[in-house]
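**Student:** Starting from these lines, generate the structure:
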Amino acid sequence: KGKSVAATKGTDPYFFLVQALEEAGLSTSDVTVQNLQHADGRTALENGPVDAWSGLDPIMAGAEQAGAKLFYRNLDFNTYGFLNATESFLAEQPEVAQTVVNAYEKARAWAAENPEETAQILADVAGLDLAVAKTVILERSNLDVDPAPGRKQREVLEKIGPTFVEIGDVADQQQVDDAIAALLDDSLVLKADPAAIKES
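**Tutor:** Next up, the predicted model:
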């Protein structure tokens, strides 16, 4: 309470912060939230303008390697990752959308079976220290999940939805409710065929 916390409003780490404060009987009005982009949040933490930073990997793992202390995690506050597309794209190019989901599922299965190689790929492609990439992949990534969006994801969105209204990004709760009701579509992942993606 009374501390300054860096977080990027409207992102998973911000929603994590909101839920963590709520769990402690506080709200964002009990702290000063510095709305900083993720990398800038790390810089602010390391240079002292904020007391804490609600961050995300791999930036967070890099900060820890540089001496920052991870003091709270709660997997129940997961806001999940989604593949997103416009309705017009899905209607006009369903084959392309299905190919993307097929490739994603093939990659997810391969990464789950080859975590060390996945960490090396992440390090190489993202220009990360291998130790940071290993922290992200081996310790903090859960690829063994049901890929079809459903009840759990809807519940998370319903929980964090009011935050969009509170921070002024959405005019009213009805817009949030309407969006959530139409947002999730599991049809492509239920038809996913990783074998359709050939090795190159």
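
**Student:** only C-alpha atoms for contact and neighbour calcs from this point on.
**Tutor:** Will do.

**Student:** Pull out the buried residues from the host helix or strand of Arg108.
**Tutor:** Element membership of Arg108 [criterion: DSSP states H and E] is helix 94-113. By 16 or more other C-alpha atoms under 10 Å, the buried positions in helix 94-113 come out as 97-106, 108, 111-112.

**Student:** By mean pLDDT, flag the weakest helix or strand of this protein.
**Tutor:** Across the helices and strands of the chain, mean pLDDT, DSSP states H and E gives its lowest value to helix 151-166, namely a mean of 87.

**Student:** got the residue ranges for the strands in the chain?
**Tutor:** For the chain, applying DSSP state E gives strands covering 4-7, 32-35, 52-53.

**Student:** What residues of the second one count as buried?
**Tutor:** Buried residues in strand 32-35, counted by 16+ other C-alpha under 10 Å: 33-34.

**Student:** Return the list of strands paired to that strand, each annotated with direction.
**Tutor:** strand 4-7 (parallel) (DSSP bridges).

**Student:** pLDDT (mean, whole number) over the partner strand?
**Tutor:** The average pLDDT for strand 4-7 rounds to 98.

**Student:** residues in contact with it?
**Tutor:** Applying C-alpha atoms under 8 Å, 6 or more residues apart in numbering, the contact partners of strand 4-7 are 13-14, 17, 31-38, 41, 44-45, 49-55.

**Student:** among those, which are in helices?
**Tutor:** Of the positions in the contacts of strand 4-7, 13-14, 17, 38, 41, 44-45 sit in helices, assigned by DSSP state H.

**Student:** Just the buried ones from the residues you listed, in ChimeraX syntax?
**Tutor:** Selecting only the buried entries of the ones in helices among the contacts of strand 4-7 in ChimeraX, with 16+ other C-alpha under 10 Å as the criterion:
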select :13,14,17,38,41,44,45
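
**Student:** Can you tell me which of the ones in helices among the contacts of strand 4-7 is nearest Leu122?
**Tutor:** Sorting the ones in helices among the contacts of strand 4-7 by distance to Leu122 puts His38 at the head of the list, at 18.3 Å, by C-alpha to C-alpha.

**Student:** Quick one: residues contacting that closest one.
**Tutor:** Contact analysis of His38 by C-alpha under 8 Å, 6+ apart lists 7-8, 55-56, 59.

**Student:** Mind putting these into CSV with neighbour count and distance to Ala148?
**Tutor:** Converted to CSV, the contacts of His38 look like this (neighbours: other C-alpha atoms under 10 Å; distance: C-alpha to C-alpha, whole Å):
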residue, neighbour count, distance to Ala148
Ala7, 27, 29
Thr8, 21, 27
Gly55, 25, 26
Leu56, 18, 23
Ile59, 17, 28
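
**Student:** Quick check: of these, which lies closest to Leu26?
**Tutor:** So of the contacts of His38, ranked by how close each gets to Leu26 (C-alpha to C-alpha), first place is Ala7, at 16.1 Å.

**Student:** The closest one and Asp76: what is the separation?
**Tutor:** From Ala7 across to Asp76, the span is 19 Å (C-alpha to C-alpha, to the nearest Å).

**Student:** How about Lys198?
**Tutor:** For Lys198, the distance to Asp76 equals 36 Å [C-alpha to C-alpha].

**Student:** And for Gly25?
**Tutor:** Applying C-alpha to C-alpha, the value for Gly25 to Asp76 is 17 Å.
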